[in-house]
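In: Give me a 3D structure for the following:
(chains A, B, C and D)
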Protein chains: 2
Amino acid sequence: MAQSSTPSRERIVAGAADMISRRGLNAASIREVAKHARAPLGSTYHYFPEGKRQLATEAVRYAGGTVAHILRKRLDTGPVAGVRAFLDLWRGIVVDSDFRAGCPVLAVSVEAPPDDDIPQALLAAAGAFEEWERLLTDALRAHGADPDRAPALAALVVASVEGAIAMCRAKRRTEPLDQVAQQLEAVIGAALGSSA
Amino acid sequence: MAQSSTPSRERIVAGAADMISRRGLNAASIREVAKHARAPLGSTYHYFPEGKRQLATEAVRYAGGTVAHILRKRLDTGPVAGVRAFLDLWRGIVVDSDFRAGCPVLAVSVEAPPDDDIPQALLAAAGAFEEWERLLTDALRAHGADPDRAPALAALVVASVEGAIAMCRAKRRTEPLDQVAQQLEAVIGAALGSSA
DNA sequence: CTCTGGCTATAACGCTCGTCATAGCCTAGC
DNA sequence: GCTAGGCTATGACGAGCGTTATAGCCAGAG
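Out: As a prediction, the model looks like this:
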């Protein structure tokens, strides 16, 4: 009995999310994830019997949930503050890793399964995007944005931030995230100012 | 002597770009690329003696150049038309492939090399992004946008389109690209209307 | 103290990968 | 016709992958 209470499992998931965000889904091997989390390889298949499919899915859900949590907290102060926190979060990850880490949700979304082997992780990625968009949409509406335009505006925010993360990695510069931050702030400010 | 004149080489590069955009950089194996281009595996190393590094780099450059060419043509009609063409191009690729293909430049930007093995392809990706941004910036400036704001606006366009491509793949829906298209059109329209 | 069961350790399986080497084809130039 | 050289064909190499199986450890329940 005695059901573990291990931090092992969570460490593996978090490590997998980090690894995926750096190397991509395919190059993030289970062996490396286990070593990086100081867990034996056997434990990986003990905690995640469905193998890499399950591990990748949980890693995406974990990352999506973490970001959503931060987003939820900061959006209380208003959409502009929330978007700023969203951007700063990713900026920090990119800079702290010296442009080696990115967004695991994006990484999974870009690498398709061979045929349709790992659609589970893709579903989790879609879920993460949708949750972020939903949070942003609600905040925009609550602060006077046109309710009909809010979802598209939220999609613009998520899409541009994800794209900017990739661009920062390629350029090894934070310029894209900074430019996107600046423009998004202007756009959202205008959208809140002129509510119908 | 007789230097080939083969379409083989270009077919391999184009096929590699397509494969990378579907499976990602790591999962796009040279064997599969060769088979998909109906070229023997040996030829791959004949044409690209530096191996996968070189092939990936040329594939990114090829894709970047193709998009830039289309962008250049359509931006003559104005930034709004150019952005629309940019979005429609990617929308077509995503839809025609049944949400299996994406942007090879994005794929390369998301998957880092193990240590710093393939920075060449990353450099090519950065170059592609920069060329697209430059074309958009010039068109925005030429049509009355604030010259200081134009580069950031161009970055927003590229980032949001790239992010939307990934989101469409995850959701298996074109909604993100459509929402981004709609919002970008509004933002650009406003930026052109109110030039300082 | 015993024993149960969650976790670990270790080794192996088949497969695919990137890369290289070598021998052969087959056209274009003399 | 013959020869040279761009391209092809074939097969092998070591390494890493995901996955599985089996035996062993070791805390905690009885």
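
In: make it CA atoms for all contacts and neighbour counts henceforth
Out: OK.

In: Quick check: which ranges of chain A have low pLDDT?
Out: A:1-6, A:114-118, A:194-196 (pLDDT under 70).

In: What ranges does it have for its helices?
Out: Assigned helices in chain A, in chain order: A:8-23, A:30-36, A:41-47, A:52-75, A:79-96, A:104-110, A:119-142, A:150-171, A:175-193 (criterion: DSSP state H).

In: possible to save those as JSON lines with distance to DNA strand C?
Out: Below are those laid out as JSON lines (distance: least, CA to the nearest atom of the strand, whole Å):
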{"stretch": "helix A:8-23", "distance to DNA strand C": "7"}
{"stretch": "helix A:30-36", "distance to DNA strand C": "10"}
{"stretch": "helix A:41-47", "distance to DNA strand C": "4"}
{"stretch": "helix A:52-75", "distance to DNA strand C": "13"}
{"stretch": "helix A:79-96", "distance to DNA strand C": "27"}
{"stretch": "helix A:104-110", "distance to DNA strand C": "17"}
{"stretch": "helix A:119-142", "distance to DNA strand C": "19"}
{"stretch": "helix A:150-171", "distance to DNA strand C": "21"}
{"stretch": "helix A:175-193", "distance to DNA strand C": "30"}
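
In: Of those helices, which stretch is the most buried?
Out: Ranked by mean neighbour count, the helices of chain A are led by helix A:104-110 with a mean of 30 (mean count of other CA atoms under 10 Å in any protein chain shown).

In: For that one, list the C-alpha coordinates in CSV.
Out: C-alpha atoms of helix A:104-110 as CSV (Å, rounded to 0.1, in the frame of the first residue of the first chain):
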residue,chain,number,x,y,z
PRO,A,104,6.4,23.0,-24.7
VAL,A,105,2.9,23.5,-25.9
LEU,A,106,4.1,25.1,-29.0
ALA,A,107,6.8,22.4,-29.5
VAL,A,108,4.2,19.7,-29.4
SER,A,109,1.9,21.6,-31.7
VAL,A,110,4.6,21.8,-34.3
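
In: quick one: is it near chain B?
Out: Yes - using CA under 8 Å from any CA of the partner chain, helix A:104-110 comes into contact with chain B via A:106, A:107, A:109, A:110.

In: Just the closest of these to DNA strand D, please.
Out: Using CA to the nearest atom of the strand, residue A:107 comes nearest to DNA strand D of these, at 14.7 Å.

In: which bits of chain A sit near DNA strand D?
Out: Taking CA under 7 Å from any atom of the strand as the criterion, chain A approaches DNA strand D at residues A:1-2, A:26-32, A:41-42, A:45, A:49-53.
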